[in-house]
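Enquirer: Please find the sequence and the predicted model below.
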Amino acid sequence: NSVGAGFRSEPVSASFVGATSQPINLSVPECQTSLVLSWDRPVSLNGSTISEYKIEYSTDGGDSWLQASSGTGDTSRSFVDTNASADSSYIYRVASITTDGLVSDWSTPSNAASPLIYAAGCGTEASPYQIETWKHLHNVRQNLDAHFVLKNDLDQTTSGYEDHVKDGATLANGGKGWAPIPTFSGSFDGQGYTISGLEIERGAGKLGLFK
């Protein structure tokens, strides 16, 4: 140019840093006493580094979502929902959070699951529901065509007796005692254990553990 040659500028490279793609393969195993989520990391990090994940849950099939965790605090890809109730069915979704605070899209929702209301098992012939307390026994009425196995004796000293049979001199259920399980069509294997201390005050008729 008219004032002489200038300095040659060096090429400048710029790297894109953005939110990651969504976490994938979110699942919640069934037949668990607590709901344990697991997932895989996003396929694309977009130049970012994941710092943690956030999690939401729905009990109405995904119509509305509530916060399960605003941030897990680390990059592990599992989460235990200790607040889930056996009275509801849960689905979850997960999003990643980067060290720059960028948030990914939500993952595809998980399968539906509920906390187990027995000691263990899935209610099948190969994996029957396991009964260890009076509450577990009471819950049989919620799965009338399932398979069950008794894991120990049930008597006046077993957990749940006061709630479902008798508390001191007072019968449970408004003075009626044990509520017989209706119309049972599953299987119940006592494995040689005994159920004792059953008391029922419900008028005439043949009543016992089952109707």
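Expert: Thanks, I have it.
Enquirer: so what's Leu207 up against?
Expert: Each residue near Leu207 by Cβ atoms under 8 Å, 6 or more residues apart in numbering is listed here: 180, 200. The way it works is simple: take the backbone N, C-alpha and C, and place the C-beta from them, glycine included.
Enquirer: Next up, phi/psi of the closest residue to Asp163 other than its chain neighbours, please.
Expert: Of all residues not flanking Asp163 in the chain, Ala172 sits nearest, at 6.1 Å (Cβ to Cβ, 6 or more residues apart in numbering). For Ala172, the backbone dihedrals (degrees, to the nearest 10) come out as phi -70, psi 170.
Enquirer: any idea how far Ala172 is from Ala68?
Expert: From Ala172 across to Ala68, the span is 34 Å (Cβ to Cβ, to the nearest Å).
Enquirer: on that earlier part again, number of nearby residues for the residue nearest to Asp163?
Expert: 20 (other Cβ atoms under 10 Å).
Enquirer: and the spatially most central residue of the chain, how far is that from His136?
Expert: For the chain, Leu35 is the residue whose C-alpha lies nearest the centre (Cα atoms, centre = their mean; 2.4 Å). Leu35 is 18 Å from His136, where distance means Cβ to Cβ.
Enquirer: Helices along the chain, start to end?
Expert: 134-138, 161-164, 172-175 (DSSP state H).
Enquirer: Pick the most deeply packed of those helices.
Expert: Among the helices of the chain, ranked by average contacts under mean count of other Cβ atoms under 10 Å, first place goes to helix 134-138 (a mean of 21).
Enquirer: how far out from the middle of the chain is that helix?
Expert: With Cα atoms, centre = their mean, to the nearest Å as the basis, helix 134-138 stands 19 Å off its chain's centre.
Enquirer: Just the CA trace of it, in PDB.
Expert: Extracted C-alpha coordinates of helix 134-138, given in PDB (Å, rounded to 0.1, in the frame of the first residue of the first chain):
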ATOM      1  CA  TRP A 134     -47.400 -58.000  58.300                       C
ATOM      2  CA  LYS A 135     -47.400 -54.900  56.000                       C
ATOM      3  CA  HIS A 136     -46.100 -57.100  53.200                       C
ATOM      4  CA  LEU A 137     -48.800 -59.600  53.900                       C
ATOM      5  CA  HIS A 138     -51.500 -56.900  53.900                       C
END
